[in-house]
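Asks: this one's sequence-less:
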């Protein structure tokens with residue numbers, strides 16, 4: 001974990017509520033796709049955890065949804081603005097189980113952390129199928145970015161306004177070595193129930209400190225209690241215990 005000052009390079013709207021922010025700074029503590037950062041914002045007590053979308057050299061890309069005061073303040077930041085950011089948080093995805101092909105499933109703002117994962121897998125020569133799930137056509141983002149990596153991209157919308165009507169579980173057919181997913185808990189549970197192969201799931205959870213000190217985001221697994229911010233946010237399919 002490292003506390004670093006980052007400088008905003010660009011900050012643009014992808015949809016009515018989702019923004020892409022590119023920052024410059026020391027990214028050396030970000031070592032795996034699926035990790036997150038924790039951002040300090042003026043007048044707000046708790047930092048805001050945001051998944052890492054991509055890292056290239058000293059450029060950090062974050063894709064976030066405006067849902068409250070913190071993310072709204074971020075959406076109004078322009079070129080040259082400074083942000084105090086804790087980097088290198090969370091465990092991230094493990095790419096080693098993938099021999100030749102991987103299935104990536106993202107729902108809404110669970111899509112961004114899959115981008116760096118897809119890029120890394122493609123750089124290793126692995127075949128990557130990405131299923132992106134949204135409520136409606138106007139919410140879709142990063143479809144073309146995944147296609148540019150050489151991924152097989154499938155899009156689902158709940159209302160059927162674009163792509164396959166339904167959920168990510170309605171477009172996940174095929175043969176794969178391993179799956180990776182990130183999104184709201186009902187989506188993760190549906191993927192867990194439908195997949196027969198092993199996989200990794202990234203959980204979205206409210207956090208206090210973001211680095212394991214407060215124990216506020218603990219969850220029960222087959223191997224004991226784990227902190228989503230520290231031992232997670234990525235958990236193996238086989239260790240997850242779902243609440244009834």
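Replies: On my side now, so go ahead. As the structure is a computational prediction, the values presented were derived from the model and not from experiment.

Asks: contacts, neighbours, all on C-alpha from now
Replies: Noted.

Asks: and residue 146, how far is that from residue 135?
Replies: According to Cα to Cα, to the nearest Å, residue 146 and residue 135 sit 19 Å apart.

Asks: mean confidence score for the lengthiest strand in the chain?
Replies: Ranked by residue count, the top strand of the chain under DSSP state E comes out as strand 2-13. The average pLDDT within strand 2-13 is 96.

Asks: So which residue is smack in the middle of this protein?
Replies: residue 113 (2.8 Å; Cα atoms, centre = their mean).

Asks: Quick check: nearest residue in space to that residue, chain neighbours excluded?
Replies: residue 53 (4.6 Å; Cα to Cα, 6 or more residues apart in numbering).

Asks: how close does the residue located most distally from the centre of the chain get to residue 70?
Replies: Of all residues in the chain, residue 43 has its C-alpha farthest from the mean position, at 26.2 Å, by Cα atoms, centre = their mean. Going from residue 43 to residue 70 by Cα to Cα gives 9 Å.

Asks: what's the answer for residue 101, then?
Replies: Applying Cα to Cα to residue 101 and residue 70 gives a distance of 38 Å.

Asks: Flag every buried residue along the longest strand of the chain.
Replies: 6-11 (16 or more other Cα atoms under 10 Å).

Asks: Next up, identify which helix or strand the residue nearest to residue 113 is on.
Replies: Per DSSP states H and E, residue 53 falls inside strand 48-56.

Asks: Which of the three states applies to residue 74?
Replies: helix (DSSP: H, G, I helix; E, B strand; the rest coil).

Asks: Now do it against residue 134, distance only.
Replies: Relative to residue 134, and taking Cα to Cα, residue 74 is found at 23 Å.

Asks: and what of residue 78?
Replies: 28 Å.

Asks: so the longest helix seen in the chain versus strand 48-56, what angle?
Replies: Counting residues, the longest helix found in the chain (DSSP state H) is helix 112-123. Counting by axes from the mean of the first three to the mean of the last three Cα atoms, to 10 degrees, helix 112-123 points 20 degrees away from the direction of strand 48-56.

Asks: Quick one: list the elements packing against helix 112-123.
Replies: strand 48-56, strand 101-107, strand 127-134, strand 178-183 (3 or more Cα pairs under 8 Å, 6 or more residues apart in numbering; DSSP states H and E).

Asks: can you tell which of those strands is closest to residue 158?
Replies: strand 127-134 (6.6 Å; Cα to Cα).

Asks: Any buried residues in the helix or strand that comes right after the strand holding residue 53, and which?
Replies: Tracing the chain past strand 48-56, the next element assigned as helix or strand by DSSP H and E is strand 59-65. With burial defined by 16+ other Cα under 10 Å, the residues of strand 59-65 counted as buried are 59-65.

Asks: Mind listing the strands strand 59-65 pairs with, and their directions?
Replies: Applying DSSP bridges, strand 59-65 is found paired with strand 18-24 (antiparallel), strand 48-56 (antiparallel).

Asks: Out of the ones you listed, which is closest to residue 121?
Replies: strand 48-56 (13.1 Å).
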